[in-house]
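K.L.:
Give me a 3D structure for the following:
(4 chains)
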Number of protein chains: 2
Amino acid sequence: MSGKYKGMENGKESRCEQCIVRQFNSLRAMSKDELRKISETKTTRLVKKGEAIFEEGEKLNGVFCVRSGISKLSKLSANGKDQIVKLATKGEVLGQRSVIAEELSNLSAVAVNDMEVCYIPKDGIVNTLNTNPNYAVEVLRHMAHDLKEADDVIVNMSQKTVKQRVAEAFLYMKNNFGEDKDGFLSLSLSREDISNVVGTATESCIRIISEFKKKGYLKTSGKKIGIANEEGLIDLIER
Amino acid sequence: MSGKYKGMENGKESRCEQCIVRQFNSLRAMSKDELRKISETKTTRLVKKGEAIFEEGEKLNGVFCVRSGISKLSKLSANGKDQIVKLATKGEVLGQRSVIAEELSNLSAVAVNDMEVCYIPKDGIVNTLNTNPNYAVEVLRHMAHDLKEADDVIVNMSQKTVKQRVAEAFLYMKNNFGEDKDGFLSLSLSREDISNVVGTATESCIRIISEFKKKGYLKTSGKKIGIANEEGLIDLIER
DNA sequence: GCTTAAACATGACAAATATCATGTTTTGTT
DNA sequence: AACAAAACATGATATTTGTCATGTTTAAGC
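P.N.:
Numbering: from 1, shown residues only, chains lettered A, B, ... in the order given. The predicted structure follows:
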């Protein structure tokens, strides 16, 4: 399968100053000069589907800026199950929290797709944080947003049924990762991954997906899943 | 019941520069001068048990620094139940997230005890954020910590049983709010509040507390609850 | 292309949890 | 002190969800 990594433009495009991805994240608040310095220290890396970018408990000496592909951020719980806390896509900066708090990573990041990420050693990040308030505030805004999202997830986890959470997961995937022209989700997660997002047993998740298909809420075509009746799903969530 | 508010030293003690509470939060990264300015704009307010400091959906024009007492931060879910996302105590700054993200508050803050809070209009906060990187980074560190905690809560919610979560709630209360000389928790929450922390039905919570008493994990004396066998609870959580 | 492992699927059952009903105790108010 | 309203408690039952078992389909490696 050649051309698999065609998303990567190497050589001349590899300077952060030119990178469009930057528009989506806090790096856009850096000055030209800061960005140039960062760019000199960064390295680009391809991560294949299933590979880890970093693991829970690992000490991170830098952050990872996602150029393409999607990563699942998960945490292993005492009972041996993974809980996916967030799905990160183009533009997101992984490991930022750990670097800022100067703690070991509390999450693992594993590629759900083939990915292209840039590794940025923490020195440049930390220096800029300490000298450029615009950048610090921008990072802060992103983190504030993440925190709100996390709070929302807490509420959903505790107050909604598994069925409702599965429905939400599909709407989330549609809204955040889009769908193709035939209405199938661009991101296709395994049933197991979905159950790890939702926080349920894989079998329960499979059953619910089957039910949703029967009821006409979802449609499938081979491996792909699509939303066939969005109102139906929304209805289900709100009751 | 006089002396109810004896925790409040009014007049001379009301300058932020002197406030011990500041040591616990990001305000300690402010310069003397910044702090003096903030202090001039702030107002102190007593909040009685059960009263709201702010409500979900409200626009916050400042933050609230907790001097004493405890507040529950909760969010109403579609099914009409409140989910308590966090309990905030002395030193915590409430509303910071909303002010930084320039969004309406996504949580309500209600006093669980009688409280004393200082209201700080956002201008001083925002100005300092934009000019003093030390302060911005300090706030960032706190937010990073909150985010980690929120992620942990997500994992607990989805992967642990109600019984385990109740056990954790009691250990949390002991570790964060302490106990009196007889080993009873300083913070006494109603069964309903506990169930809103844990994310379960009040009856389930009551039943589990009764069971824990029978098994000797918890002890009660009137309204007070204490941990009688910490190892027992820890054991329960880890299996 | 064949083989093997992983992913998907479904039934039967057990366990956890919510809900409803009802009663008791505690607390706060007049 | 009397009363009403919360808070606490417990039983009976329904519902949701997890677990185990087993089978089928799909995808990946040789």
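
K.L.:
does chain B sit close to the helix or strand hosting A:Leu147?
P.N.:
Of the helices and strands defined by DSSP states H and E, A:Leu147 is found in helix A:133-159. Yes - residues of helix A:133-159 contacting chain B under CB under 8 Å from any CB of the partner chain: A:133-134, A:136-137, A:139-141, A:143-148, A:150-159. Heads up, the C-betas are built off the backbone N, CA and C, glycines and all.

K.L.:
Against DNA strand C, which of the residues you listed make the cut? List them.
P.N.:
Intersecting those with the surroundings of DNA strand C, defined as CB under 7 Å from any atom of the strand, gives nothing.

K.L.:
Of those, grab the buried ones for PyMOL.
P.N.:
Here is the PyMOL command that selects only those of these that count as buried (16 or more other CB atoms under 10 Å in any protein chain shown):
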select buried, chain A and resi 133+134+136+137+139+140+141+143+144+146+147+148+150+151+152+153+154+155+156+157+158+159
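
K.L.:
quick one: buried residues of stretch A:100-118?
P.N.:
Of all the residues in stretch A:100-118, those buried under the rule 16+ other CB under 10 Å are A:100-101, A:105-118.

K.L.:
and the angle from the helix holding A:Leu147 to helix B:133-159?
P.N.:
Between the axis of helix A:133-159 and that of helix B:133-159 there is an angle of 20 degrees, by axes from the mean of the first three to the mean of the last three CA atoms, to 10 degrees.

K.L.:
for the most centrally placed residue in chain A, what are its contacts?
P.N.:
To find the centre residue of chain A, average its C-alpha atoms and take the closest one (CA atoms, centre = their mean): that gives A:Ala88, at 1.1 Å. Remark: with contacts taken as CB atoms under 8 Å, 6 or more residues apart in numbering or on different chains, A:Ala88 is in contact with A:Val66, A:Ile70, A:Ser71, A:Lys72, A:Leu73, A:Leu94, A:Ala109.

K.L.:
Give me the phi and psi angles of A:Asp123.
P.N.:
Here the main-chain torsion angles of A:Asp123 (degrees, to the nearest 10) amount to phi -50, psi -50.

K.L.:
any idea how far DNA strand D is from it?
P.N.:
With distances taken as CB to the nearest atom of the strand, to the nearest Å, A:Asp123 is found 37 Å from DNA strand D.

K.L.:
now do A:Tyr217
P.N.:
From A:Tyr217 over to DNA strand D the distance is 15 Å, taken as CB to the nearest atom of the strand.

K.L.:
Run through chain A and note the low-pLDDT ranges.
P.N.:
Across chain A, the ranges flagged by pLDDT under 70 are A:1-13.

K.L.:
Where do the helices of chain A begin and end?
P.N.:
Residue ranges of the helices in chain A, as given by DSSP state H, are A:32-41, A:96-101, A:122-131, A:133-159, A:162-177, A:191-198, A:202-214, A:230-238.

K.L.:
Return the residues of chain A in contact with DNA strand C.
P.N.:
Residues of chain A lying near DNA strand C by CB under 7 Å from any atom of the strand: A:Ser190, A:Arg191, A:Glu192, A:Glu203, A:Ile206, A:Arg207, A:Ile209, A:Ser210, A:Thr220, A:Lys223.

K.L.:
burial count for the first one?
P.N.:
Just to be clear, that refers to A:Ser190. The number of residues packed near A:Ser190 is 12, by other CB atoms under 10 Å in any protein chain shown.

K.L.:
go on, the fourth one?
P.N.:
Counted with other CB under 10 Å, residues neighbouring A:Glu203 total 10.

K.L.:
Can you name the residues of chain A that neighbour DNA strand D?
P.N.:
A:Thr161, A:Val162, A:Lys163, A:Gly199, A:Thr200, A:Ala201, A:Glu203, A:Ser204, A:Gly222, A:Lys223.

K.L.:
Pick out the most distant pair among these.
P.N.:
The widest separation within the residues of chain A next to DNA strand D, taken as CB to CB, falls between A:Thr161 and A:Gly222 and amounts to 28.9 Å.

K.L.:
higher neighbour count, these two?
P.N.:
For A:Thr161 against A:Gly222, the residue with the higher neighbour count under other CB under 10 Å is A:Thr161, and the figures read 14 against 7.

K.L.:
Any figure for the gap between that one and A:Val47?
P.N.:
The gap separating A:Thr161 from A:Val47 is 35 Å, by CB to CB, to the nearest Å.

K.L.:
cool, and A:Gly91?
P.N.:
Taking CB to CB as the measure, A:Gly91 and A:Val47 are separated by 16 Å.
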